[in-house]
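S.K.: no sequence for this one, just the structure:
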């Protein structure tokens with residue numbers, strides 16, 4: 001299905017170049033290149049990015065998920081100045097890492113299976129490429145630019161939020177709302193729940209779900225399609241096995257890359273529709 005849609009989009013753009021302004025078609029050619037590039041690279045790997053604000057605990061969660069101290073954690077912020085990657089079963093992942101612009105010194109290998117995930121066979125849920133991104137609200141423009149560039153290229157986004165900034169307008173307006181159509185490849189994690197009284201965790205989660213609904217981001221509850229919302233503490237370990245299992249399940253399905261690309265095509269088609277379909 002994706003192949004047919006991409007072919008149709010390519011044909012439409014070819015017919016439109018002398019009839020529709022270049023500004024109106026802005027980004028369409030780039031999307032076609034992005035789709036082609038991703039589909040030429042490993043289908044056995046799934047790229048999952050941890051994204052979030054300063055102080056959200058992305059790096060701590062990255063280390064908790066990998067079981068290795070790979071991403072630097074410190075008092076000085078922002079602590080992650082460039083993406084860091086850890087690949088489970090890294091054979092064949094180098095092309096993806098090159099495309100993502102991950103520096104060789106920031107690439108690590110995790111040869112063991114994803115811990116606490118459903119039973120693994122020899123061809124089970126290996127293939128995860130986990131990224132720790134710089135802060136999206138960093139004072140350094142170069143860091144924010146890296147986040148924006150990489151988020152266009154990954155298969156799954158895990159938004160790491162904290163109890164203080166989960167309602168931040170910049171996060172919702174700049175990222176969650178524009179990516180509302182990507183709910184099926186989105187996981188929203190409320191981190192640092194160890195800082196909240198036990199009875200407050202559900203209250204904050206309910207408010208977070210309300211905000212996501214306002215953003216137009218469908219939340220999948222009780223096995224339904226949509227974004228997963230989870231509560232964790234990288235410090236205490238609460239919820240980390242469940243998050244690890246959820247990521248492992250996404251990787252095992254081997255469908256996230258196609259879902260991401262399909263959502264990108266959906267978004268472009270919605271934006272182009274008024275150019276080709278008369279109102280009413």
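M.R.: That came in fine, so what should we check first? As the structure is a prediction and not an experimental result, all values here were calculated from the model. Numbers count the residues shown, from 1 in each chain.

S.K.: make it CA atoms for all contacts and neighbour counts henceforth
M.R.: Noted.

S.K.: partners of residue 187 in the sheet?
M.R.: Listed beta-bridge partners, residue 187: residue 158, residue 228 (assigned using DSSP bridges).

S.K.: Could you pull out the helices in the stretch 1-150 of the chain for me?
M.R.: For the stretch 1-150 of the chain, the helices defined by DSSP state H, counting those that start in this stretch occupy 2-16, 28-40, 58-66, 94-100, 141-151.

S.K.: what comes up buried for the third one?
M.R.: In other words, helix 58-66. 58, 59, 60, 61, 62, 63, 64, 65, 66 (16 or more other C-alpha atoms under 10 Å).

S.K.: Quick one: list the elements packing against that helix.
M.R.: Packing partners of helix 58-66 (3 or more C-alpha pairs under 8 Å, 6 or more residues apart in numbering; DSSP states H and E): strand 46-52, strand 128-132, helix 240-253.

S.K.: Let me see the contact set for residue 261.
M.R.: residue 35 (C-alpha atoms under 8 Å, 6 or more residues apart in numbering).

S.K.: between the helix or strand containing residue 270 and helix 2-16, how many degrees?
M.R.: Under the criterion of DSSP states H and E, residue 270 resides in helix 256-276. Using axes from the mean of the first three to the mean of the last three C-alpha atoms, to 10 degrees, the inter-axis angle of helix 256-276 relative to helix 2-16 is 30 degrees.

S.K.: about what we covered before: how about CSV for the helices and strands packed on helix 58-66, with distance to residue 141, mean pLDDT and mean neighbour count added?
M.R.: Converted to CSV, the helices and strands packed on helix 58-66 look like this (distance: least, C-alpha to C-alpha, whole Å; pLDDT from 0 to 100; neighbours: other C-alpha atoms under 10 Å):
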stretch, distance to residue 141, mean pLDDT, mean neighbour count
strand 46-52, 15, 97, 26
strand 128-132, 17, 96, 26
helix 240-253, 30, 94, 19
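
S.K.: Select, out of those, the one closest to residue 268.
M.R.: When the helices and strands packed on helix 58-66 are compared by C-alpha to C-alpha, strand 46-52 sits nearest residue 268, at 21.9 Å.

S.K.: That closest one packs against which elements?
M.R.: By 3+ C-alpha pairs under 8 Å, 6+ apart, strand 46-52 packs against helix 58-66, strand 128-132, strand 156-161.

S.K.: Need these in a markdown table (columns: distance to residue 106).
M.R.: Below are those laid out as a markdown table (distance: least, C-alpha to C-alpha, whole Å):
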| stretch | distance to residue 106 |
| --- | --- |
| helix 58-66 | 13 |
| strand 128-132 | 10 |
| strand 156-161 | 19 |
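
S.K.: Okay, now the unreliable bits of the stretch 51-200 of the chain?
M.R.: 70-80, 111-125 (pLDDT under 70).

S.K.: One more pass at 80, please.
M.R.: Counting by pLDDT under 80, the stretch 51-200 of the chain has low-confidence residues at 68-80, 110-125.

S.K.: Where do the strands of the stretch 101-250 of the chain begin and end?
M.R.: Assigned by DSSP state E, counting those that start in this stretch, the stretch 101-250 of the chain shows strands spanning 107-110, 128-132, 156-161, 186-190, 228-231.

S.K.: Mind listing residues that contact the second one?
M.R.: I take that to be strand 128-132. Contact with strand 128-132 is made by 45-51, 58-59, 62, 71, 80, 83-90, 93, 248, 251, as judged by C-alpha under 8 Å, 6+ apart.

S.K.: Test my guess that residue 234 contacts residue 59.
M.R.: No. Using C-alpha atoms under 8 Å as the test, residue 234 is too far from residue 59 to be in contact (9.2 Å).

S.K.: Tell me the buried residues in stretch 202-213?
M.R.: Buried residues in stretch 202-213 (16+ other C-alpha under 10 Å): 204, 205, 208, 209, 211, 212.
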